[in-house]
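[1] model the structure of this input:
(one chain, ligands or ions: 1)
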Amino acid sequence: MSEIRNKDLWQSGQLKIDWVRAHMPLLNGLEQDFSKTKPFSGLKIALSVHMEAKTAYLCQVLAAGGAQMYATGCNPLSTQDDVAAALDHSGINVFALHAATPQEYEHCLEKVLEIGPNIIIDDGGDLVNLMLTKFRKLIPGVIGGCEETTTGIMRLQRLNDTKDLPFPMVLVNDAKCKHFFDNRYGTGQSVWNGINRATNLIVAGKTVVVAGYGWCGKGVSMRAKGLGAKVIVTEVDPVKAIEAVMDGFQVMTMEQAAPLGDLFVTVTGCDDVITEKHFALMKDGAILCNAGHFDCEVDVAWLEASAVSKVPARENIKAYKLASGKTLYVIAEGRLVNLAAGDGHPAEIMDLSFAVQIMSALCHSGPQCQISGRQSYRNPRPRGHAAECS
Ligand code: RBV
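    As a prediction, this is how the structure comes out:
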(Lines give C-alpha, C1' and ligand atoms only; values in the text may rest on other atoms or scores of the structure.)
Protein backbone atom coordinates (compact mmCIF):
# COMPACT_ATOMS: atom_id res chain seq x y z
CA MET A 1 0.00 0.00 0.00
CA SER A 2 2.99 2.32 0.58
CA GLU A 3 4.17 4.87 -1.99
CA ILE A 4 7.91 5.39 -1.67
CA ARG A 5 10.79 5.97 -4.09
CA ASN A 6 12.65 2.68 -3.82
CA LYS A 7 11.90 -0.32 -1.61
CA ASP A 8 15.41 -1.68 -2.20
CA LEU A 9 16.93 1.08 -0.05
CA TRP A 10 15.52 -0.41 3.16
CA GLN A 11 18.77 -1.80 4.60
CA SER A 12 20.47 1.60 4.68
CA GLY A 13 17.35 3.07 6.33
CA GLN A 14 17.27 0.22 8.83
CA LEU A 15 20.82 1.01 9.99
CA LYS A 16 19.76 4.62 10.62
CA ILE A 17 16.72 3.50 12.62
CA ASP A 18 18.80 0.99 14.64
CA TRP A 19 21.25 3.77 15.54
CA VAL A 20 18.63 6.20 16.84
CA ARG A 21 16.69 3.44 18.60
CA ALA A 22 19.83 2.80 20.70
CA HIS A 23 19.79 6.47 21.79
CA MET A 24 16.09 6.96 22.54
CA PRO A 25 15.51 5.39 25.98
CA LEU A 26 12.11 7.01 26.62
CA LEU A 27 10.72 5.59 23.40
CA ASN A 28 12.31 2.21 24.23
CA GLY A 29 10.37 2.17 27.51
CA LEU A 30 7.10 3.21 25.89
CA GLU A 31 7.57 0.59 23.18
CA GLN A 32 7.99 -2.10 25.84
CA ASP A 33 4.92 -0.94 27.79
CA PHE A 34 2.82 -0.62 24.67
CA SER A 35 3.59 -4.10 23.44
CA LYS A 36 1.74 -5.31 26.55
CA THR A 37 -0.93 -2.65 27.03
CA LYS A 38 -1.78 -1.85 23.37
CA PRO A 39 -3.35 1.56 24.17
CA PHE A 40 -3.92 2.44 20.50
CA SER A 41 -5.58 -0.83 19.62
CA GLY A 42 -8.26 -0.35 16.95
CA LEU A 43 -7.21 3.24 16.21
CA LYS A 44 -5.96 4.60 12.89
CA ILE A 45 -3.27 7.27 13.19
CA ALA A 46 -2.35 9.60 10.32
CA LEU A 47 1.07 11.11 10.90
CA SER A 48 2.87 13.89 9.03
CA VAL A 49 6.31 14.47 10.54
CA HIS A 50 9.78 14.76 8.97
CA MET A 51 10.30 11.28 7.54
CA GLU A 52 13.71 10.40 8.90
CA ALA A 53 14.96 7.77 11.34
CA LYS A 54 13.66 9.17 14.66
CA THR A 55 10.23 9.70 13.17
CA ALA A 56 10.29 6.18 11.74
CA TYR A 57 10.96 4.86 15.22
CA LEU A 58 8.10 6.99 16.59
CA CYS A 59 5.82 5.30 14.06
CA GLN A 60 7.05 1.88 15.13
CA VAL A 61 6.41 2.65 18.81
CA LEU A 62 2.86 3.77 18.03
CA ALA A 63 2.38 0.61 15.95
CA ALA A 64 3.70 -1.46 18.88
CA GLY A 65 0.88 0.15 20.85
CA GLY A 66 -1.64 -1.31 18.44
CA ALA A 67 -2.15 1.71 16.15
CA GLN A 68 -2.70 1.23 12.45
CA MET A 69 -0.13 3.71 11.18
CA TYR A 70 -0.33 5.79 8.00
CA ALA A 71 2.75 7.98 7.78
CA THR A 72 3.97 10.78 5.54
CA GLY A 73 6.57 13.53 5.76
CA CYS A 74 5.99 17.22 6.44
CA ASN A 75 8.54 18.76 4.09
CA PRO A 76 9.61 17.61 0.61
CA LEU A 77 13.32 17.82 1.43
CA SER A 78 13.35 16.22 4.88
CA THR A 79 12.09 12.84 3.69
CA GLN A 80 14.88 10.26 3.50
CA ASP A 81 13.95 7.62 0.94
CA ASP A 82 15.98 4.84 2.58
CA VAL A 83 14.25 5.44 5.91
CA ALA A 84 10.84 5.46 4.22
CA ALA A 85 11.78 2.11 2.64
CA ALA A 86 12.85 0.64 6.00
CA LEU A 87 9.63 1.80 7.64
CA ASP A 88 7.62 0.23 4.83
CA HIS A 89 9.70 -2.94 5.20
CA SER A 90 8.70 -3.08 8.88
CA GLY A 91 5.05 -3.24 7.80
CA ILE A 92 3.96 0.38 8.18
CA ASN A 93 2.08 2.26 5.45
CA VAL A 94 4.35 5.05 4.24
CA PHE A 95 3.62 7.70 1.63
CA ALA A 96 6.69 9.89 1.30
CA LEU A 97 9.09 10.90 -1.46
CA HIS A 98 12.28 12.91 -1.11
CA ALA A 99 12.12 16.10 -3.25
CA ALA A 100 8.40 15.60 -3.86
CA THR A 101 6.78 18.16 -6.15
CA PRO A 102 4.00 20.22 -4.53
CA GLN A 103 1.47 17.88 -6.19
CA GLU A 104 3.27 14.73 -4.97
CA TYR A 105 3.60 16.21 -1.48
CA GLU A 106 -0.15 16.89 -1.29
CA HIS A 107 -0.93 13.48 -2.78
CA CYS A 108 1.00 11.83 0.07
CA LEU A 109 -0.92 13.87 2.66
CA GLU A 110 -4.15 12.80 0.96
CA LYS A 111 -3.15 9.14 1.14
CA VAL A 112 -2.83 9.22 4.94
CA LEU A 113 -6.11 11.10 5.36
CA GLU A 114 -8.31 9.13 2.97
CA ILE A 115 -8.13 6.09 5.25
CA GLY A 116 -10.23 8.02 7.80
CA PRO A 117 -7.87 8.56 10.74
CA ASN A 118 -8.99 8.65 14.36
CA ILE A 119 -5.89 10.53 15.54
CA ILE A 120 -3.84 13.08 13.58
CA ILE A 121 -0.20 13.72 14.41
CA ASP A 122 0.88 16.86 12.59
CA ASP A 123 4.06 18.91 12.30
CA GLY A 124 3.42 22.33 10.82
CA GLY A 125 -0.33 22.06 10.28
CA ASP A 126 -0.56 20.78 6.69
CA LEU A 127 -2.46 17.63 7.63
CA VAL A 128 -5.08 19.42 9.71
CA ASN A 129 -5.43 22.07 7.01
CA LEU A 130 -6.09 19.42 4.34
CA MET A 131 -8.52 17.57 6.61
CA LEU A 132 -10.49 20.79 7.05
CA THR A 133 -10.55 21.56 3.33
CA LYS A 134 -10.60 18.36 1.24
CA PHE A 135 -11.66 15.73 3.77
CA ARG A 136 -14.41 17.37 5.80
CA LYS A 137 -16.65 14.33 5.49
CA LEU A 138 -14.10 12.33 7.50
CA ILE A 139 -14.00 14.82 10.41
CA PRO A 140 -16.56 12.89 12.53
CA GLY A 141 -14.11 9.97 12.72
CA VAL A 142 -11.35 12.13 14.19
CA ILE A 143 -11.09 11.95 17.98
CA GLY A 144 -8.31 14.52 18.08
CA GLY A 145 -4.70 15.16 17.31
CA CYS A 146 -1.37 16.61 18.32
CA GLU A 147 0.73 19.39 16.79
CA GLU A 148 4.51 19.25 17.07
CA THR A 149 5.73 22.73 16.23
CA THR A 150 5.37 26.48 16.81
CA THR A 151 4.23 27.28 13.26
CA GLY A 152 1.53 24.60 13.38
CA ILE A 153 0.30 25.98 16.68
CA MET A 154 0.05 29.48 15.21
CA ARG A 155 -2.16 28.02 12.44
CA LEU A 156 -4.29 26.11 14.97
CA GLN A 157 -4.68 29.21 17.11
CA ARG A 158 -6.21 31.05 14.16
CA LEU A 159 -8.66 28.18 13.58
CA ASN A 160 -9.48 28.10 17.26
CA ASP A 161 -10.11 31.86 17.36
CA THR A 162 -12.64 31.59 14.52
CA LYS A 163 -14.16 28.42 16.06
CA ASP A 164 -13.22 26.45 12.94
CA LEU A 165 -11.29 23.71 14.70
CA PRO A 166 -13.69 20.77 14.91
CA PHE A 167 -11.61 18.44 17.10
CA PRO A 168 -9.21 18.91 20.01
CA MET A 169 -5.51 19.26 19.24
CA VAL A 170 -2.83 18.94 21.91
CA LEU A 171 -0.12 21.59 21.49
CA VAL A 172 2.96 19.47 21.98
CA ASN A 173 5.35 22.37 21.40
CA ASP A 174 3.94 24.16 24.47
CA ALA A 175 5.23 21.46 26.80
CA LYS A 176 8.34 22.66 28.60
CA CYS A 177 9.98 19.31 27.85
CA LYS A 178 9.45 20.10 24.17
CA HIS A 179 10.37 23.73 23.55
CA PHE A 180 12.98 24.16 26.29
CA PHE A 181 15.09 21.41 24.77
CA ASP A 182 13.99 20.67 21.20
CA ASN A 183 13.63 24.27 20.06
CA ARG A 184 16.67 25.60 21.88
CA TYR A 185 19.30 22.84 22.11
CA GLY A 186 17.94 20.70 19.27
CA THR A 187 17.70 23.53 16.76
CA GLY A 188 20.89 25.06 18.14
CA GLN A 189 22.86 21.96 17.24
CA SER A 190 21.05 20.65 14.17
CA VAL A 191 21.05 23.98 12.32
CA TRP A 192 24.82 24.22 12.59
CA ASN A 193 25.15 20.58 11.65
CA GLY A 194 23.12 21.27 8.49
CA ILE A 195 25.05 24.45 7.63
CA ASN A 196 28.42 22.86 8.29
CA ARG A 197 27.64 19.77 6.26
CA ALA A 198 26.32 21.87 3.38
CA THR A 199 29.13 24.45 3.32
CA ASN A 200 32.26 22.81 4.78
CA LEU A 201 33.35 26.34 5.77
CA ILE A 202 34.69 27.76 9.04
CA VAL A 203 32.19 29.50 11.30
CA ALA A 204 34.79 31.09 13.61
CA GLY A 205 35.45 34.69 12.65
CA LYS A 206 32.39 34.99 10.42
CA THR A 207 29.62 37.46 11.08
CA VAL A 208 26.47 35.42 11.50
CA VAL A 209 23.08 37.16 11.44
CA VAL A 210 20.31 35.27 13.24
CA ALA A 211 16.81 36.56 12.50
CA GLY A 212 14.48 35.82 15.41
CA TYR A 213 15.21 35.33 19.10
CA GLY A 214 12.53 32.85 20.12
CA TRP A 215 13.57 29.53 21.63
CA CYS A 216 15.03 28.37 18.30
CA GLY A 217 16.83 31.65 17.63
CA LYS A 218 18.32 31.54 21.13
CA GLY A 219 19.77 28.10 20.42
CA VAL A 220 21.10 29.02 16.98
CA SER A 221 22.73 32.21 18.35
CA MET A 222 24.22 30.48 21.40
CA ARG A 223 25.83 27.77 19.28
CA ALA A 224 27.06 30.30 16.68
CA LYS A 225 28.83 32.13 19.50
CA GLY A 226 30.30 28.84 20.72
CA LEU A 227 31.67 28.16 17.25
CA GLY A 228 33.43 31.52 17.32
CA ALA A 229 31.14 33.62 15.14
CA LYS A 230 30.44 37.31 15.65
CA VAL A 231 26.68 37.10 16.15
CA ILE A 232 24.12 39.75 15.24
CA VAL A 233 20.48 39.17 16.19
CA THR A 234 17.50 40.83 14.51
CA GLU A 235 14.24 40.69 16.46
CA VAL A 236 10.99 42.65 16.14
CA ASP A 237 9.73 41.83 19.65
CA PRO A 238 11.30 44.49 21.90
CA VAL A 239 11.45 42.26 24.99
CA LYS A 240 13.16 39.43 23.14
CA ALA A 241 15.48 42.02 21.59
CA ILE A 242 16.53 43.20 25.07
CA GLU A 243 17.02 39.56 26.05
CA ALA A 244 19.39 39.13 23.09
CA VAL A 245 21.32 42.24 24.18
CA MET A 246 21.59 40.92 27.75
CA ASP A 247 22.79 37.58 26.35
CA GLY A 248 25.66 39.51 24.80
CA PHE A 249 24.60 39.80 21.18
CA GLN A 250 24.53 42.83 18.91
CA VAL A 251 20.92 43.60 18.02
CA MET A 252 19.87 45.64 15.00
CA THR A 253 17.43 45.69 12.10
CA MET A 254 17.87 43.44 9.07
CA GLU A 255 18.59 46.56 6.97
CA GLN A 256 21.50 47.37 9.29
CA ALA A 257 22.69 43.76 9.49
CA ALA A 258 22.42 42.97 5.76
CA PRO A 259 25.72 44.62 4.70
CA LEU A 260 27.60 43.08 7.66
CA GLY A 261 26.65 39.41 7.53
CA ASP A 262 28.64 36.57 5.99
CA LEU A 263 25.96 34.04 6.85
CA PHE A 264 22.27 34.58 7.55
CA VAL A 265 19.91 32.21 9.37
CA THR A 266 16.19 33.02 9.58
CA VAL A 267 14.28 31.39 12.39
CA THR A 268 11.21 33.54 12.94
CA GLY A 269 8.15 31.66 11.65
CA CYS A 270 7.26 34.86 9.75
CA ASP A 271 7.06 35.61 6.01
CA ASP A 272 9.52 37.78 4.08
CA VAL A 273 12.25 38.27 6.66
CA ILE A 274 15.01 38.64 4.05
CA THR A 275 13.82 40.17 0.78
CA GLU A 276 15.00 42.08 -2.30
CA LYS A 277 15.85 45.23 -0.33
CA HIS A 278 18.16 43.21 1.93
CA PHE A 279 19.72 41.23 -0.94
CA ALA A 280 20.68 44.58 -2.48
CA LEU A 281 22.65 45.50 0.64
CA MET A 282 24.47 42.19 1.14
CA LYS A 283 28.13 41.38 0.53
CA ASP A 284 29.17 39.42 -2.52
CA GLY A 285 29.31 35.77 -1.45
CA ALA A 286 26.89 36.01 1.47
CA ILE A 287 25.28 32.68 2.40
CA LEU A 288 21.60 32.44 3.33
CA CYS A 289 19.54 29.74 4.95
CA ASN A 290 16.35 29.24 6.90
CA ALA A 291 15.52 27.20 9.97
CA GLY A 292 11.84 28.10 10.29
CA HIS A 293 9.24 25.45 9.43
CA PHE A 294 8.24 26.91 6.06
CA ASP A 295 10.35 28.23 3.18
CA CYS A 296 8.73 31.68 3.39
CA GLU A 297 11.39 33.57 5.36
CA VAL A 298 14.03 34.12 2.67
CA ASP A 299 12.47 35.39 -0.56
CA VAL A 300 13.95 32.64 -2.73
CA ALA A 301 11.15 33.19 -5.27
CA TRP A 302 12.57 36.67 -5.97
CA LEU A 303 16.06 35.26 -6.44
CA GLU A 304 14.69 32.55 -8.75
CA ALA A 305 12.88 35.15 -10.84
CA SER A 306 15.51 37.89 -10.83
CA ALA A 307 18.95 36.29 -10.82
CA VAL A 308 20.88 36.59 -14.09
CA SER A 309 22.22 33.11 -13.50
CA LYS A 310 21.47 30.32 -11.00
CA VAL A 311 23.68 27.29 -10.78
CA PRO A 312 24.41 24.59 -8.20
CA ALA A 313 27.46 25.59 -6.16
CA ARG A 314 27.68 22.40 -4.13
CA GLU A 315 25.23 19.72 -3.05
CA ASN A 316 22.36 21.58 -1.32
CA ILE A 317 23.70 25.05 -2.22
CA LYS A 318 22.57 27.19 -5.15
CA ALA A 319 24.45 30.26 -6.38
CA TYR A 320 22.36 33.22 -7.56
CA LYS A 321 24.27 35.81 -9.59
CA LEU A 322 22.44 39.13 -9.46
CA ALA A 323 22.41 41.91 -12.08
CA SER A 324 24.68 43.94 -9.77
CA GLY A 325 27.39 41.30 -10.33
CA LYS A 326 27.38 39.84 -6.84
CA THR A 327 26.56 36.25 -5.99
CA LEU A 328 24.38 35.11 -3.09
CA TYR A 329 24.28 31.47 -1.99
CA VAL A 330 21.14 29.78 -0.67
CA ILE A 331 21.27 26.48 1.22
CA ALA A 332 18.55 23.86 0.65
CA GLU A 333 16.19 26.13 -1.31
CA GLY A 334 15.49 28.13 1.85
CA ARG A 335 13.78 25.10 3.39
CA LEU A 336 14.57 24.22 6.99
CA VAL A 337 18.32 23.70 6.86
CA ASN A 338 18.63 21.29 9.78
CA LEU A 339 16.43 18.69 8.11
CA ALA A 340 16.96 19.50 4.43
CA ALA A 341 20.77 19.52 4.71
CA GLY A 342 21.11 17.32 7.81
CA ASP A 343 19.36 14.60 9.77
CA GLY A 344 17.33 16.91 12.03
CA HIS A 345 17.64 17.20 15.78
CA PRO A 346 19.84 14.81 17.77
CA ALA A 347 18.25 11.51 18.78
CA GLU A 348 18.21 12.25 22.52
CA ILE A 349 16.32 15.50 21.90
CA MET A 350 13.73 13.85 19.67
CA ASP A 351 13.39 11.09 22.27
CA LEU A 352 12.08 13.71 24.68
CA SER A 353 9.93 15.49 22.07
CA PHE A 354 8.42 12.30 20.73
CA ALA A 355 7.77 10.94 24.23
CA VAL A 356 5.73 14.10 24.84
CA GLN A 357 4.10 13.58 21.44
CA ILE A 358 3.14 10.00 22.35
CA MET A 359 1.80 11.01 25.79
CA SER A 360 -0.28 13.65 24.02
CA ALA A 361 -1.64 11.11 21.53
CA LEU A 362 -2.52 8.84 24.46
CA CYS A 363 -4.92 11.51 25.66
CA HIS A 364 -7.06 10.73 22.64
CA SER A 365 -6.77 6.99 22.90
CA GLY A 366 -9.11 5.86 25.60
CA PRO A 367 -12.08 6.58 27.86
CA GLN A 368 -9.74 7.44 30.71
CA CYS A 369 -9.00 10.80 29.12
CA GLN A 370 -12.05 12.06 27.28
CA ILE A 371 -11.65 15.56 25.94
CA SER A 372 -14.03 17.15 23.55
CA GLY A 373 -15.00 20.42 21.98
CA ARG A 374 -13.66 22.91 19.54
CA GLN A 375 -10.46 23.70 21.26
CA SER A 376 -6.76 23.30 21.19
CA TYR A 377 -5.25 22.01 24.38
CA ARG A 378 -2.10 22.97 26.19
CA ASN A 379 -0.01 19.91 26.74
CA PRO A 380 -1.35 17.66 29.49
CA ARG A 381 0.66 16.14 32.28
CA PRO A 382 1.76 12.66 31.29
CA ARG A 383 0.46 9.83 33.38
CA GLY A 384 3.14 7.78 35.05
CA HIS A 385 5.85 8.12 32.45
CA ALA A 386 9.25 9.76 32.46
CA ALA A 387 8.40 12.63 30.11
CA GLU A 388 7.41 15.29 32.64
CA CYS A 389 5.93 18.32 30.92
CA SER A 390 4.01 21.43 31.87
N1 RBV B 1 12.13 18.06 14.26
N2 RBV B 1 12.08 16.80 13.90
C3 RBV B 1 13.33 16.43 13.71
N4 RBV B 1 12.74 14.20 13.18
O5 RBV B 1 14.86 14.82 13.15
N6 RBV B 1 14.16 17.43 13.93
C7 RBV B 1 13.40 18.48 14.27
C8 RBV B 1 13.70 15.08 13.33
C9 RBV B 1 10.91 18.78 14.56
C10 RBV B 1 11.03 19.72 15.74
O11 RBV B 1 10.41 19.15 16.85
C12 RBV B 1 10.32 20.98 15.27
O13 RBV B 1 9.32 21.39 16.17
C14 RBV B 1 9.76 20.61 13.92
O15 RBV B 1 10.59 19.57 13.46
C16 RBV B 1 9.72 21.70 12.88
O17 RBV B 1 9.15 21.21 11.72
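
[2] show the pLDDT at residue 388.
    Predicted confidence (pLDDT) for residue 388: 27.

[3] next: residue 364.
    For residue 364, pLDDT reads 88.

[4] tell me the contacts of it?
    118, 119, 143, 144, 145, 146, 168, 170, 371 (CB atoms under 8 Å, 6 or more residues apart in numbering). C-beta here means a position set from N, CA and C on the backbone, and glycine is covered the same way.

[5] of those, the lowest pLDDT goes to which?
    residue 371 (46).

[6] what's the helix or strand where residue 256 lies packed up against?
    Element membership for residue 256 (DSSP states H and E) is helix 254-257. Packing partners of helix 254-257 (3 or more CB pairs under 8 Å, 6 or more residues apart in numbering; DSSP states H and E): strand 207-211, strand 230-234, helix 276-279.

[7] just name the most buried of the ones you listed.
    Highest mean neighbour count among the helices and strands packed on helix 254-257 (mean count of other CB atoms under 10 Å): strand 207-211, with a mean of 27.

[8] residues in contact with it?
    Residues outside strand 207-211 that contact it (CB under 8 Å, 6+ apart) are 217, 220-221, 224, 229-235, 249, 254, 257-258, 260-268, 273-274, 297.

[9] paired strands for that strand, with orientation please.
    Taking DSSP bridges as the criterion, strand 207-211 forms sheet pairs with strand 230-234 (parallel), strand 263-266 (parallel).

[10] out of those strands, nearest to the ligand?
    The ligand sits nearest to strand 263-266 of all the strands paired with strand 207-211, at 13.7 Å, using CB to the nearest ligand atom.

[11] let's have the contacts of residue 364 in TSV, adding secondary structure.
    What follows is the contacts of residue 364, written out as TSV (DSSP: H, G, I helix; E, B strand; the rest coil):
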residue	secondary structure
118	coil
119	strand
143	coil
144	strand
145	strand
146	strand
168	coil
170	strand
371	coil
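
[12] now, of these, which are buried?
    Neighbour-count burial (16 or more other CB atoms under 10 Å) applied to the contacts of residue 364 gives 118, 119, 143, 144, 145, 146, 168, 170.

[13] against residue 219, how distant is the last one?
    Using CB to CB, to the nearest Å, we find residue 170 at a distance of 23 Å from residue 219.

[14] cool, and the second one?
    Computed with CB to CB, the distance linking residue 119 and residue 219 is 30 Å.

[15] what do you get for the first one?
    Here the distance between residue 118 and residue 219 works out to 35 Å (CB to CB).

[16] what is the neighbour count of residue 166?
    Using other CB atoms under 10 Å, residue 166 is surrounded by 15 other residues.

[17] which SS class is it?
    Judged by three-state DSSP, the three-state class of residue 166 is coil.

[18] quick check: closest non-adjacent residue to it.
    In space, and not counting its chain neighbours, residue 166 is closest to residue 139: 5.1 Å by CB to CB, 6 or more residues apart in numbering.

[19] what's that neighbour in contact with, if anything?
    131, 132, 166, 167.

[20] for residue 201, same thing?
    residue 287.

[21] swap in 7 Å and give it another go.
    For residue 201, the contact set (CB atoms under 7 Å, 6 or more residues apart in numbering) is empty.

[22] thank you, goodbye.
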